[in-house]
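K.L.:
quick one, structure for this:
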Amino acid sequence: MTKERDNDSSLAFRMMGKALLRLVETPPTPLLQEAVDVAMQSLAVSEEQGSICAVVGEETLSAAGAAALVEARLAVWLDDSVDNRNANAKPEEEAVNAPLVLERLCGDKAGLRLYLQRRFDEEMRLAWMLKRYAERPAQNVDAKQWERLAALKENDWRLYGENRMDRNTFERNRLNQDEAVARALERRFSIVCGGPGTGKTTTVVRMLECLLVSRPSLRIALAAPTGKAAGRMMQSIRNSIESMPRTVSDGVARAIEEGRLIERTIHKWLVTPQESGYKPSAAEPLNVDVIVIDEASMIDIRLAVQLFGVLDPDRTRVIVLGDKHQLSAVGPGAVFADMCRPDGVLNDCVSRLTVSHRFSADSMIGRLAAAVNNERGLPEAEQQEAVEELFRCDEQAKDRVAWHGLRRGGGLAKSLKAWLDKAFRPYFDELEKWTDGMEQPYDVWVKSLWNCLNKTRVLAAQRKGTTSVEAVNAYLCETLRERLETKGIETYRNVDLMPGLVVIIRQNNDVLGVYNGDVGILLPDPDGRSNRAGLTAYFGDSGKRLPAALLPEYEPAFAMTIHQSQGSEYDQVAVLLPGDDESELATRELLYTGITRAKRSVHVFGAKATLNRAMVTTTRRQGALTERLRTVRVDR
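P.N.:
Model prediction:
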């Protein structure tokens, strides 16, 4: 978290505190002023940490201070009646008539939870909506659906099992997937949790095939937090059905052909008018029979409330996919992790896929990810030694991992610059085919350039600093500039607008059809012009091309944050840990997410102390969604 953001957040909450004191009918006492200051400071910190609420001890906010907040009508104590009034409140109603909500912690926990009213309302409403779905009665699965599942299993045996393993091993490896399909057929709400390569998309295809065999006309929505994730899910589904004979993939294939299976970002689903002319709402629920929500770990509580608020549990079946070990959303809450808790109310809805087909036993990346997650439950020292051993290991494997120790201070390290030069040389060489005169057609070259780019990506924990997104982008932009200038291409040094520049869109634009997180390359015109007016942005994931002058806000993107990389995968990845050993960004989830974006090799750069800190530091976001799910009542 940058100091600039921290200062902005603290300032905003200090201003809020002053505004709250002006609401008090009588002159505020010193005790009340102190209580408001403490509450605002605590909420500012919790907001920066991505929490739903702040947990404060009596040494931070005294009982007398809390009582003063309540007496001044700036806060209300949470009780059962408020609990359920909030959950069932209509969106336009104010759930609690106070800007702050206080909740006493019970048992061994000391202190209290402190909420902004809107955050508390979001938590309560989401708990109510999820429980409303989870408590829907089980449905009968008809014989045709079981027959289709059996046919899909036999097809998988012929494709993936028959010549690779015995039947018992095959059955054991896919047991969890079959259970997930059965759960999705029986329930209107199901959650599939699994790491990279565990078959989440393949499992979804089986679910949809079995549902479509009984209701061929189903309308199906594919939704994800980003355009890249949504597009990748659709492409994965297409790849999956292309590997199957039409006899077992007929339903999904026809749904795609007839436009009944559509992928969009969650935001796009929420804002697109329906046949009625109205956007989806509680009064006009989303007109789909099934919605598949991918990369759910990226969904914050605000987006979850918006999405579930437009779904009708009597009509729409919900299938949620994600990896609970990945980074939580940039916004508040850890919604997916809370939904997947083994001791939670939703546990009967959760299927856990544990067999990775990408990171098998001979995968160094898979073994490193497991060690970082400490799946064996080792003491800290033994876990660190296990990770170091993997980095030292030179055995033959289908992929590789490497560690590059960096010292603190200074600019980009020489070892990192050397790696960047080598890793991006194929991309720059491919780009220079344009300046040297190409023999291949322009469109073929464009796709080749995109493929070169997508083989390598730099993922950094920090936006600013010595080992950051900005530092790497500055270095590679300068490298690109120098290579272009040696070819006589003018690059306008005061503007980051030149052929070969990799960009990431930072602002949604429905008119242009590009969205926050979309990555593209700035290309020259086919006729060879190199001036700025001739540049076109090519977005390889969608195939879209736009004049560079029309692009909404964007940034260079040779490197991106690890958060931005979620939902993506690349052959070769460099993971840059925070430059500060004490950075709060150095977490297990961040390291795991960065590592698992790689398919063939991952190179981790950072100080040894930072690596060790990341392995033992888990992200903790304060909130009580799991508790709300236990206590909230759903009126039928």
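K.L.:
what's the separation between Asp394 and Leu449?
P.N.:
According to Cβ to Cβ, to the nearest Å, Asp394 and Leu449 sit 34 Å apart. Where you see a C-beta, it was placed from the backbone N, CA and C, and this is true even at glycine.
K.L.:
who's more crowded, the two?
P.N.:
Between Asp394 and Leu449, counted using other Cβ atoms under 10 Å, the more crowded position is Leu449 (21 against 6).
K.L.:
A helix includes that one, no?
P.N.:
Yes - according to DSSP: H, G, I helix; E, B strand; the rest coil, Leu449 belongs to a helix.
K.L.:
contacting residues around it?
P.N.:
For Leu449, the contacting residues are 427, 430-431, 521, 523, by Cβ atoms under 8 Å, 6 or more residues apart in numbering.
K.L.:
relative to Arg113, which of those is nearest.
P.N.:
Taking Cβ to Cβ as the measure, Ile521 is the one of these closest to Arg113, at 47.3 Å.
K.L.:
what bridges to the closest one?
P.N.:
For Ile521, the beta-bridge assignment (DSSP bridges) gives partners Val502, Tyr538.
K.L.:
what is the burial count for it?
P.N.:
Ile521: 23 neighbours (other Cβ under 10 Å).
K.L.:
do you know how far Thr201 is from Ala150?
P.N.:
21 Å.
K.L.:
which of these two has more neighbours?
P.N.:
Thr201 (19 against 11).
K.L.:
quick one: the more buried one and Ser240 touch, right?
P.N.:
Yes - counting by Cβ atoms under 8 Å, Thr201 does reach Ser240; the two are 6.3 Å apart.
K.L.:
all helices of the stretch 351-500 of the chain, in order?
P.N.:
Using DSSP state H, counting those that start in this stretch, the helices of the stretch 351-500 of the chain run over 364-372, 380-392, 414-436, 442-454, 469-486.
K.L.:
which residues does the nearest residue to Arg628 once chain neighbours are set aside contact?
P.N.:
Nearest non-adjacent residue to Arg628, counting by Cβ to Cβ, 6 or more residues apart in numbering: Ala127, 3.5 Å away. By Cβ under 8 Å, 6+ apart, the residues touching Ala127 are 87, 625, 628-629, 632.
K.L.:
can you name the next helix or strand after the one helix or strand in the chain whose mean pLDDT sits lowest?
P.N.:
Every helix and strand in the chain was compared by mean pLDDT, DSSP states H and E; the lowest is helix 80-88, with a mean of 51. Following helix 80-88 in sequence order, the next helix or strand is strand 100-104 (DSSP states H and E).
K.L.:
elements contacting that following strand?
P.N.:
If you count contacts as 3 or more Cβ pairs under 8 Å, 6 or more residues apart in numbering; DSSP states H and E, strand 100-104 packs onto helix 63-71, strand 75-77, strand 112-116, helix 117-134.
K.L.:
try 6 Å this time
P.N.:
When contacts are defined as 3 or more Cβ pairs under 6 Å, 6 or more residues apart in numbering; DSSP states H and E, strand 100-104 sits against strand 75-77, strand 112-116.
K.L.:
reformat those as TSV; add mean neighbour count, mean pLDDT and distance to Glu258.
P.N.:
As requested, the helices and strands packed on strand 100-104 are exported to TSV (neighbours: other Cβ atoms under 10 Å; pLDDT from 0 to 100; distance: least, Cβ to Cβ, whole Å):
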stretch	mean neighbour count	mean pLDDT	distance to Glu258
strand 75-77	20	94	52
strand 112-116	24	95	46
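K.L.:
redo those strands as CSV? Include distance to Ala19.
P.N.:
Supplementary listing: those in CSV, determined by distance: least, Cβ to Cβ, whole Å:
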stretch, distance to Ala19
strand 75-77, 15
strand 112-116, 13
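K.L.:
residue boundaries of the strands in the stretch 151-300 of the chain?
P.N.:
Along the stretch 151-300 of the chain, counting by DSSP state E, counting those that start in this stretch, strands occupy 189-194, 220-224, 261-265, 290-293.
K.L.:
dump these to JSON lines, plus distance to Val248.
P.N.:
Converted to JSON lines, the strands of the stretch 151-300 of the chain look like this (distance: least, Cβ to Cβ, whole Å):
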{"stretch": "strand 189-194", "distance to Val248": "20"}
{"stretch": "strand 220-224", "distance to Val248": "17"}
{"stretch": "strand 261-265", "distance to Val248": "16"}
{"stretch": "strand 290-293", "distance to Val248": "19"}
